[in-house]
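**Q** Kindly return the folded structure for what I paste below:
(chains A and B)
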Amino acid sequence: MEKAKINASQLFVLIFLFELGSALLVSLGLSAKQDAWIAILLGMVAGMVLFFVYLSLYNYYPDILPTEYMQKIVGRFFGKFLACLYIVYFMYIAARVLRDFGELLVTFAYNETPLFIINAVLFLAIVYTVRKGIEVMARTGEILFVVLYFLAIVGFILVVVSGLIEINNLKPVLEEGMGTVLKTVITETWYVPFGEIIVFTMIFPYVNKPRKIKVACLSALALSGINITITTAISISVLGVDLVSRSQFPLLNTIQAIQVAEFLERLDVFFMVGLIMAGFFKISIYFYAAVTGLSNVFNTKETSKLVYPLGFVVLFSSMTIASSYSEHIREGLQFVPLYMHLPFQVIIPSLLLLIAFIKNRKKKKGVHQK
Amino acid sequence: MKANRLCTLVVFISTAFLSGCWSNQELPDLALVSAIGIDKTEDGQYMNTVQVINPGNVAGESRQGTGGTESPPVSTYMEKGNNMVQIQRQVSKKVSRRLYYAHTNLLVIGEKLVREEGLKNIFDALERDNEFRTNATVVIAQESTASELVKTLTPIDQVPAEKIVNTLKVTERMWGENLNVAIRDVLPDLVSSGKEPVISCFSMYGDAATGETLESIQETKPKARMMASGLGVFKDGKLVDIVQGDMSKGVIWALDEIKSTLVSVDWKEKQEAVVYEVIRQKTDVGAEVNKDGKGKITIDISVEGDIGETAVPISLKNPSILYDVEDKVEKKIKDNIQSSVKKAQDLQTDIFGFGDAIHQSNPKVWKEWEKEWDDVYFPELEINVTVDAFIRRTGLRNEPFLSSID
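**A** Next up, the predicted model:
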């Protein structure tokens, strides 16, 4: 653990940027068709429930990292094993998100540039930031949060002013029934992006006022959830559900549709700047969690020394995890939620909480008896 | 510390090499494509005609000399093949620069192609490409080929593609028989089973063959001209009919796309004697399914406008006369819309999106109807049109001077 402190508002900003990261990039919850926005909203609520699991775990061990309290809960050996699994999980997701953004840039703007170059340049900045530590990341977040929000508001106003929004595209509401929506929540929107807040358990111990964590996290989840919901609803109402589900990057198409007064058009750069900022934080935080986790498990003295070797691993795995973008997305929709998000975000933390609860109750009882 | 310095060095070196110079394209190496025309050849291949801007000849300054320029503002290249992307690349054999599609704002499709084969094979490449913009306008070359339209030079707007797009925009705003339809608007309609697309048509008049030469536009009345002619009605992606005049205006009323137009009504014996200028309108389409399982569509229109002209001596000071005019206007718009809807029902194609309206209001019924919507259920729809017209002002005069002449 590095010696660093961030305050609750910085935590809020980091979570917000993190949540928006890839959620704005790819289409989210489209299995529910035009009700995707409902699925996202429900996913947010479900994500908040998960958050309480993580928070209770944290409350049992407020001063140490999850990688360490796992060892206390399930024993040294299993705890270390579990911690290592989590580190791999964080690195894998970091690689996935990096790939997402690399693919975006190659598909949309830099067709002839090799993906590796794009990923490497993108990741170089991330490695540098992570090496500087959580405080630097948090302060960067504070600045970029304002920029991102400014872009988002301007973008929103322009979409509205261009008269592109066709609310009828969102109808009929609940055409396939609530079942489809709930299925989408359970298989997709619960985990990405809301359940992903599990990575912040690696950052909670750095918060200077632990009591404020709950408020900061819940409000960040709510705000980002509402923002993603609005964005998705706008994309569907502008493009229609068919185009959104066929589009690799729906928000990009929505932004491209903006035409105000014959001169305010082709604002794709807007979209790019905003998304890359949010994506930058998503990858950084995952990567940071992996780095601190590893250094914690193996008790290395200088965390920052691990940044470069791990960085190479993430960078190369971002290249090798899939041979094509379609394969990448297919994995992300079918394999990852079931075999990675579900156990790592839901099952293991719940079990850990259960064990921690029993253990701590025993302890308390012991105290009382004495 | 050493690692730190090395890192900084790497960053500096990479910025030098990576600051956007990878596969860079300088402006002089690009040929800006302003329009693409797509036709079908006799042997079933596609014939594309691309209109490329000659940058030197459209820049304002050089044109202000005496007489015309020696070379035209655009050049066209033709190439045929079986798919769009191949054709676009093959053109490189004929052009010295790389064709750049980001500023293409017009796609012209030949009537033969859309009648025989339809739109379905054309759009994928355009939609998939990251350079081409799907907000480009689509038009159909009525009774001519797309290549003729793309090749024809035009006065006033030097780039012919601009002329077509701007004409559509202006006439859409002034007259309301045509629509400026973008590729982006057509695609959802092609996909949806509850709505079919409409696309504006352009036709040539005059001597089409001379349109390619500069001499054509050196006259006050160019030998070859183009005009917005009608509205192409599609079914299953194929052109089935082109509606014109009041018929196409009725379609556009029902689509809630009228920006402004005129409604001329008869007064006593005199035909089209009083002219009503539409300032703004709002059309609401409601759908419901009756208990006996028949669909019912209600179209509610409210229109505001002024009196633009009267050829009969009526007292426009008198509100009750204005009410009479309003009634006539309402009736005329209503007839207009009803005959257009009737026409579409005869053609068995739902260009109004009534199917989508049913889908949104009665999703369960729609599930059963969706498959046979155009052929069975749409033609049987009961259509209810109500129009509410208001005359707000009568211009700078109240009584026409005609009433002072005895």
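
**Q** Pairing partners for the helix or strand harbouring residue B:242, with directions?
**A** Element membership for residue B:242 (DSSP states H and E) is strand B:238-243. Partners of strand B:238-243 in the sheet, by DSSP bridges, are strand B:224-235 (antiparallel).

**Q** mind listing what's buried in the partner strand?
**A** For strand B:224-235, burial by neighbour count (16 or more other CB atoms under 10 Å in any protein chain shown) applies to B:224, B:225, B:226, B:228, B:229, B:230, B:231, B:232, B:233, B:234, B:235. The way it works is simple: take the backbone N, C-alpha and C, and place the C-beta from them, glycine included.

**Q** can you tell me how far the fourth one sits from residue A:184?
**A** Same thing as residue B:228. 45 Å (CB to CB, to the nearest Å).

**Q** if we can go back for a sec, show the average pLDDT along the strand holding residue B:242.
**A** Strand B:238-243 shows a mean pLDDT of 94.

**Q** and that strand, C-alpha only, in CSV?
**A** Provided in CSV are the C-alpha atoms of strand B:238-243 (Å, rounded to 0.1, in the frame of the first residue of the first chain):
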residue,chain,number,x,y,z
LYS,B,238,-38.2,-1.2,-54.6
LEU,B,239,-39.7,1.8,-56.3
VAL,B,240,-43.3,1.1,-57.1
ASP,B,241,-44.6,4.5,-58.0
ILE,B,242,-43.7,8.2,-58.3
VAL,B,243,-46.4,10.5,-56.9
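
**Q** can you give me the offset of the helix or strand hosting residue A:73 from its chain's centre?
**A** Residue A:73 belongs to helix A:66-74 when assigned by DSSP H and E. When C-alpha coordinates are averaged (CA atoms, centre = their mean, to the nearest Å), helix A:66-74 and its chain have centres 23 Å apart.

**Q** re earlier: ok, so of the buried residues of strand B:224-235, who is nearest residue A:202?
**A** Each of the buried residues of strand B:224-235 was scored against residue A:202 by CB to CB, and residue B:234 proved nearest at 56.5 Å.

**Q** List the contacts of residue 111.
**A** Defaulting to chain A. By CB atoms under 8 Å, 6 or more residues apart in numbering or on different chains, residue A:111 lies in contact with B:23, B:130.

**Q** wait, I meant chain B there
**A** B:140, B:141, B:142, B:143, B:144, B:201, B:239.

**Q** what's the closest non-adjacent residue to the second one?
**A** Of all residues not flanking residue B:141 in the chain, residue B:149 sits nearest, at 4.6 Å (CB to CB, 6 or more residues apart in numbering or on different chains).

**Q** Equivalent analysis for the fifth one, please.
**A** If you skip the residues right next to it in sequence, residue B:144 has residue B:204 as its closest partner in space, 4.8 Å away by CB to CB, 6+ apart.

**Q** What is the strand or helix carrying the one you found packed up against?
**A** In this assignment (DSSP H and E), residue B:204 forms part of strand B:198-206. Strand B:198-206 is packed against strand B:137-142, helix B:146-151, strand B:224-235, with contacts defined by 3 or more CB pairs under 8 Å, 6 or more residues apart in numbering or on different chains; DSSP states H and E.

**Q** Now do the buried residues in it.
**A** Result for strand B:198-206 [16+ other CB under 10 Å]: buried residues B:198, B:199, B:200, B:201, B:202, B:203, B:204, B:206.

**Q** Now render these as JSON lines, adding distance to residue B:214.
**A** Shown next, in JSON lines, are these (distance: CB to CB, whole Å):
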{"residue": "B:198", "distance to residue B:214": "35"}
{"residue": "B:199", "distance to residue B:214": "30"}
{"residue": "B:200", "distance to residue B:214": "27"}
{"residue": "B:201", "distance to residue B:214": "27"}
{"residue": "B:202", "distance to residue B:214": "21"}
{"residue": "B:203", "distance to residue B:214": "22"}
{"residue": "B:204", "distance to residue B:214": "17"}
{"residue": "B:206", "distance to residue B:214": "15"}
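
**Q** Can you tell me which of those comes closest to residue A:103?
**A** Once CB to CB is applied, the member of the buried residues of strand B:198-206 that ends up nearest residue A:103 is residue B:199, at 33.9 Å.

**Q** Report pLDDT for the closest one.
**A** Looking at residue B:199, the pLDDT reads 95.

**Q** again with residue A:337
**A** At residue A:337, the pLDDT recorded in the model is 90.

**Q** Against residue A:93, how distant is it?
**A** As judged by CB to CB, residue A:337 and residue A:93 stand 12 Å apart.

**Q** if you count what's nearby, which of those two comes out ahead?
**A** residue A:93 (26 against 19; other CB atoms under 10 Å in any protein chain shown).

**Q** Read off the pLDDT value for the more buried one.
**A** Residue A:93 is given a pLDDT of 94.

**Q** got it, and residue B:313?
**A** You'll see residue B:313 listed with a pLDDT of 89.

**Q** one step back: what about the contacts of residue B:111, which one has the most neighbours?
**A** Within those, most neighbours by other CB under 10 Å means residue B:140, with 30 neighbours.

**Q** who's in contact with that one?
**A** B:108, B:109, B:110, B:111, B:114, B:199, B:200, B:201, B:202, B:232, B:239, B:242.

**Q** how deep is the first one tucked in, by neighbour count?
**A** Number of residues near residue B:108 (other CB under 10 Å) recorded here: 27.

**Q** and it, what element?
**A** With DSSP H and E as the criterion, residue B:108 is inside strand B:106-110.

**Q** what distance separates that strand from the centre of its chain?
**A** With CA atoms, centre = their mean, you get 11 Å for strand B:106-110.

**Q** what's the answer for stretch B:78-89, then?
**A** On CA atoms, centre = their mean, the centre of stretch B:78-89 falls 25 Å from the chain's centre.

**Q** Tell me which residues are up against that stretch.
**A** With CB under 8 Å, 6+ apart, stretch B:78-89 has contacts from B:38, B:41, B:45-50, B:90-91, B:93-94, B:99, B:101, B:122, B:124-126, B:129, B:147.

**Q** Buried ones from the residues you listed, can you make that a PyMOL selection?
**A** Remark: buried members of the contacts of stretch B:78-89, expressed as a PyMOL selection using 16+ other CB under 10 Å:
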select buried, chain B and resi 38+46+47+48+49+50+91+99+101+122+126+129+147
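
**Q** In strands, which of the contacts of stretch B:78-89 appear?
**A** B:38, B:46, B:47, B:48, B:49, B:50, B:99 (DSSP state E).

**Q** Tell me who's in contact with the fourth one.
**A** Going by CB under 8 Å, 6+ apart, residue B:48 touches B:36, B:37, B:38, B:39, B:78, B:79, B:80, B:81, B:84, B:87, B:88, B:91.

**Q** can you give me the helices for chain B?
**A** B:2-18, B:55-58, B:60-63, B:84-90, B:111-116, B:123-128, B:146-151, B:160-174, B:183-191, B:245-254, B:319-347, B:354-361, B:363-369 (DSSP state H).

**Q** Brilliant, that's me finished.
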